[in-house]
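Student: Build me a structure from this.
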Amino acid sequence: MNVGQRIREAREDLGMPQTVLARRVGVNRNTIGRYESGEHEPSFAMLESIARELRTEPAEFLREPVPLAEAPREAGPEERRRPTLDQVREVFAPLADGLNRYCARWEEKLPTLQGTREEVADFVADSQDFHGFFTRVAAEELQAIAVVLDLANRYVGESELPHDIAVGFTQGEMYEHSLMHKALQRYYAVGDALAESIKDEEAAESTREVLAEARSLSTV
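Tutor: Numbering: from 1, shown residues only. Okay, here's the model as predicted:
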């Protein structure tokens, strides 16, 4: 059984029409239909929203089938299988690798740059084109990591830590395991180095402004 089938079963168990679920999670009914048919896979962020509205956990949609002979007779919520950290890494590794390869190409160019704005124009244009996509992917990866490691309960729900410290621990552990977060930090470092390489201070400052805007939009 795939994710879409589990979403449909959970929705039907509650007697909730597709239109109602769609309205609650902020998409149209056709999108829910495509999720349930398997035509499209929901993002982790969307999966969390759907799970919340269907009174279940995202891990319930992602669990792997268990052979009947091995299945527990009465599995409570605490026994439901979560996806593993390795499974999350398999999903996001290709995108992180792509961004790392992009950074590597620019890192190779750095020693030979002559300090002109034209030399880094492509990096600035790329930043404006695809940075938003990579930050959204990174946010989805962080949310997936939080679900896999049950961080909401570990540091917040069942913890006696002060809220600010609990949030800090949660973020720190998500960042530690996030491939996209590390790739984005490398990307920002390359951008800073490129801005510093420009001899024209006005052009360099313009490049820094683009990078600052990119950072301000980042969720990581």
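Student: Compute the mean per-residue pLDDT across stretch 4-17, please.
Tutor: Averaged across stretch 4-17, pLDDT comes to 88.
Student: Got the phi and psi for residue 149?
Tutor: Dihedral angles of residue 149 (phi, psi; degrees, to the nearest 10) stand at phi -90, psi 0.
Student: Residue 85 is in contact with that one, correct?
Tutor: Yes - using C-beta atoms under 8 Å, residue 149 is in contact with residue 85, at 7.1 Å. Any C-beta I mention is one placed from the backbone N, CA and C, and that applies to glycine too.
Student: higher neighbour count, those two?
Tutor: More crowded of residue 149 and residue 85, by other C-beta atoms under 10 Å: residue 149, with 18 against 13.
Student: Neighbours of residue 83, how many?
Tutor: Neighbour count of residue 83, defined by other C-beta under 10 Å: 19.
Student: Need the three-state assignment for it.
Tutor: In the three-state summary, residue 83 is assigned as coil, counting by DSSP: H, G, I helix; E, B strand; the rest coil.
Student: between residue 149 and residue 85, what contacts are shared?
Tutor: Common contacts of residue 149 and residue 85 (C-beta atoms under 8 Å, 6 or more residues apart in numbering): residue 177.
Student: do you know how far residue 178 is from residue 61?
Tutor: Distance, residue 178 to residue 61, using C-beta to C-beta, to the nearest Å: 22 Å.
Student: surely residue 45 meets residue 140?
Tutor: Yes - between residue 45 and residue 140 there is a contact at 5.4 Å, judged by C-beta under 8 Å.
Student: The two - which one has more neighbours?
Tutor: The residue with more neighbours, out of residue 45 and residue 140, is residue 140; 21 against 16, by other C-beta under 10 Å.
Student: Just give the closest residue to the more buried one, not the sequence neighbours.
Tutor: Take residue 140 and drop its neighbours on the chain: the residue closest to it by C-beta to C-beta, 6 or more residues apart in numbering is residue 44, 4.6 Å away.
Student: ok, the one you found to residue 128 distance?
Tutor: Distance of residue 44 to residue 128, given as C-beta to C-beta: 26 Å.
Student: quick one: which of the two has more around it?
Tutor: The neighbour count for residue 44 versus residue 128, taken as other C-beta under 10 Å, is higher for residue 44 (25 against 11).
Student: Enumerate every residue touching the more buried one.
Tutor: Under the criterion of C-beta under 8 Å, 6+ apart, the neighbours of residue 44 are 58, 140, 141, 143, 144, 147.
Student: tell me the mean pLDDT for the strand or helix carrying residue 122?
Tutor: Assigned by DSSP states H and E, residue 122 belongs to helix 121-148. In this model, helix 121-148 carries a mean pLDDT of 85.
Student: Equivalent analysis for stretch 90-99, please.
Tutor: 91.
Student: who are the neighbours in contact with residue 10?
Tutor: 54, 56, 60, 61.
Student: Give me the buried stretch members for the helix or strand hosting it, please.
Tutor: Using DSSP H and E, residue 10 sits in helix 3-13. By 16 or more other C-beta atoms under 10 Å, the buried positions in helix 3-13 come out as 3, 4, 6, 7, 8, 10, 11.
Student: Serialize these to JSON lines and add fields for distance to residue 200.
Tutor: Below are these laid out as JSON lines (distance: C-beta to C-beta, whole Å):
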{"residue": "3", "distance to residue 200": "52"}
{"residue": "4", "distance to residue 200": "54"}
{"residue": "6", "distance to residue 200": "57"}
{"residue": "7", "distance to residue 200": "54"}
{"residue": "8", "distance to residue 200": "59"}
{"residue": "10", "distance to residue 200": "58"}
{"residue": "11", "distance to residue 200": "58"}
